[in-house]
Structures are given as structure tokens and as C-alpha cells.
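>>> Return a 3D structure for these sequence lines:
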Amino acid sequence: MRRRSKHILAIAAFVGTLLVLGTSAFAISLPKNDYPTEARADYVFACMQVNGETRDSLIKCSCSIDTVASLIPYADYASARTILMMLNSTNRYRDMFRSFGPFKEKVANLKRAQVEGELRCF
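Residues are numbered from 1 along each chain as shown. Here you go, the predicted structure:
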């Protein structure tokens, strides 16, 4: 009986090792998806309002946000969206957001990613 439990433990350890190795290899092959669903949905919703609320625009807008997500990390996307909201506001800090170099670069990176999304998907 004792010998049998050693075999069962050895088999369990082997299977556990395969699962860990298989899972980590699988995780490495997948692209990082750090965009929350809400951010993707907001992008697609706004894109569809501009491009028509059709099934075709849903497909193209979904492709576009996937392209943007593949080009810039979510933290940069969120920062650039915040900067754009400030630029479009009427508060007294708007000019600071317009002239600060790193802010301009973040917005430019987002716009380049969006243009790439349009080129690939529309």
C-alpha cells in the first residue's frame, strides 16, 4: 500500500509539473491584454457613433481598438484620453496641457495608433 501511494504522489507531481509548464508556456504565447473591457467598449461605442451604427462599423471599430491596444499600453492610452479631455475643456489649465511637451507626445502617440487602426481596419 505504501509503495502504491508513492507512485500516486509521483504521478501527481509529474502531472502538476506538466500543468504548470503548459500553463506558463501558453501564457507567454498570448498577447498582453491590459485594456479593460469598459475602455474597449467606450472606444467602439464612440467609433460607431461617428462611422454609423451598423454591424460593419462594429467589426471595423473593434478591429481599430485591437490595433490601438497592440501599439500602446493601456496606461498611456488612459493618460492620453485624459489629456484630450482637458484640452477640450474650458478650464484655466487647458493651456498648460496644450503646451507641455510630454503631454503632447502622449497625445501624438495615441493619434498615431488610431490612424494605424483606421488604415488596418477601415
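>>> and the residue nearest to the spatial centre of the chain, helix, strand or coil?
Centre of the chain computed as the mean C-alpha position; nearest residue by C-alpha atoms, centre = their mean is Tyr35, 3.3 Å away. Look at Tyr35: counting by DSSP: H, G, I helix; E, B strand; the rest coil, its state is coil.
>>> got a list of what it touches?
65, 69, 74, 77 (C-beta atoms under 8 Å, 6 or more residues apart in numbering). For the C-beta atoms, the positions are set from N, CA and C on the backbone; glycine is no exception.
>>> Inside strands: which ones of those residues?
When the contacts of Tyr35 are checked against strands (DSSP state E), there are no matches.
>>> re earlier: can you report phi and psi for the residue nearest to the centre of the chain?
Its backbone dihedrals place Tyr35 at phi -90, psi 120, with angles given as degrees, to the nearest 10.
>>> Widest-spaced pair of the contacts of Tyr35?
By the measure C-beta to C-beta, Ile65 and Tyr74 form the most distant pair in these, at 11.1 Å.
>>> Show me which of the two is the more surrounded one.
For Ile65 against Tyr74, the residue with the higher neighbour count under other C-beta atoms under 10 Å is Ile65, and the figures read 23 against 16.
>>> My read is that the more buried one contacts Ala46, right?
No - with contacts counted by C-beta atoms under 8 Å, Ile65 stays clear of Ala46, the gap being 10.0 Å.
>>> ok so, going back, could you single out the nearest of the contacts of Tyr35 to Arg112?
For the contacts of Tyr35, the minimum distance to Arg112 (C-beta to C-beta) is 12.1 Å, reached by Tyr77.
>>> Excluding sequence neighbours, find me the nearest residue to the closest one.
Leu110 (6.3 Å; C-beta to C-beta, 6 or more residues apart in numbering).
>>> quick check: domain ranges of the protein?
Taking automatic domain parsing as the domain assignment, the record places the domains of the chain at 1-30, 37-121.
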